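Engineer: everything below, folded, please.
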Amino acid sequence: MVARLLIALVCFVGLPASAAAQEREVPYWATIRASELNMRVGPSADYKIDWVYRRPGLPVKVVRVMEGWRLIEDPAGDKGWVVARLLSPDHGAIVIGEGPADMRAGPAADAGLKWRVEPGVVAALGDCEDGWCEVTIANRRGWIAQDRLWGAGTP
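Structural biologist: Numbering: from 1, shown residues only. As a prediction, the model looks like this:
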């Protein structure tokens with residue numbers, strides 16, 4: 001009996017945190033969690049699939065929340081509805097712009113060059129400071145200029 005009461009109490013205490021997580025202020029950044037994610041024209045599985053993402057870690061901007069659905073904008077500017085549980089709160093970014101972006105050893109243009117990263121490469125995003133963001137790409141860590149990263153600014 002005590003065990004059941006304790007389990008019920010733990011579940012009840014956990015509810016406000018889950019509800020609060022669903023009530024985040026929009027817009028906010030998220031990343032695709034699933035290996036395949038359907039973007040639909042409306043907030044229900046009854047709506048037509050408009051696009052299929054096959055890129056876990058891709059950053060998206062959540063612009064609207066409706067029950068278990070999120071209206072997202074992708075790096076190309078396309079918008080549609082996805083199931084919320086297939087998004088992650090992890091921060092990510094995608095390299096944008098013309099030509100490779102320099103990945104530096106530190107947050108400065110004169111820091112040692114580590115790698116050159118092609119546009120379209122997805123990265124896990126760390127902290128940003130003074131116009132530079134720390135990123136991790138395939139276990140390689142460095143700094144890329146913030147203006148070369150979609151997903152690293154204010155949503």
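Engineer: can we go C-alpha only for contacts and neighbour counts from here?
Structural biologist: OK.
Engineer: and the gap between the closest residue to Ala101 other than its chain neighbours and Ala138?
Structural biologist: Sequence neighbours aside, Val117 is the residue nearest to Ala101 in space, at 5.0 Å (criterion: CA to CA, 6 or more residues apart in numbering). Look at Val117 and Ala138: by CA to CA, to the nearest Å, they are 12 Å apart.
Engineer: between the two, who's got more neighbours?
Structural biologist: Val117 (17 against 9; other CA atoms under 10 Å).
Engineer: low-confidence bits of the protein, can you list those?
Structural biologist: Counting by pLDDT under 70, the low-confidence segments of the chain come to 1-23.
Engineer: can you show me the helices along this protein?
Structural biologist: Secondary structure of the chain (DSSP state H): helices located at 2-22.
Engineer: and the strands in it?
Structural biologist: In the chain, the strands defined using DSSP state E lie at 28-32, 37-40, 49-53, 59-66, 69-73, 79-83, 87-88, 92-95, 101-104, 113-117, 122-129, 132-137, 140-145, 149-150.
Engineer: list the strands paired with the fifth one, with their directions.
Structural biologist: The one in question is strand 69-73. Strand 69-73 sits in its sheet next to strand 59-66 (antiparallel), strand 79-83 (antiparallel), going by DSSP bridges.
Engineer: mind putting these into a markdown table with mean neighbour count and distance to Pro89?
Structural biologist: Shown next, in a markdown table, are those (neighbours: other CA atoms under 10 Å; distance: least, CA to CA, whole Å):
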| stretch | mean neighbour count | distance to Pro89 |
| --- | --- | --- |
| strand 59-66 | 22 | 10 |
| strand 79-83 | 22 | 14 |
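Engineer: quick one: which of those strands is nearest Asp127?
Structural biologist: Nearest of those to Asp127, taken as CA to CA: strand 59-66 at 15.3 Å.
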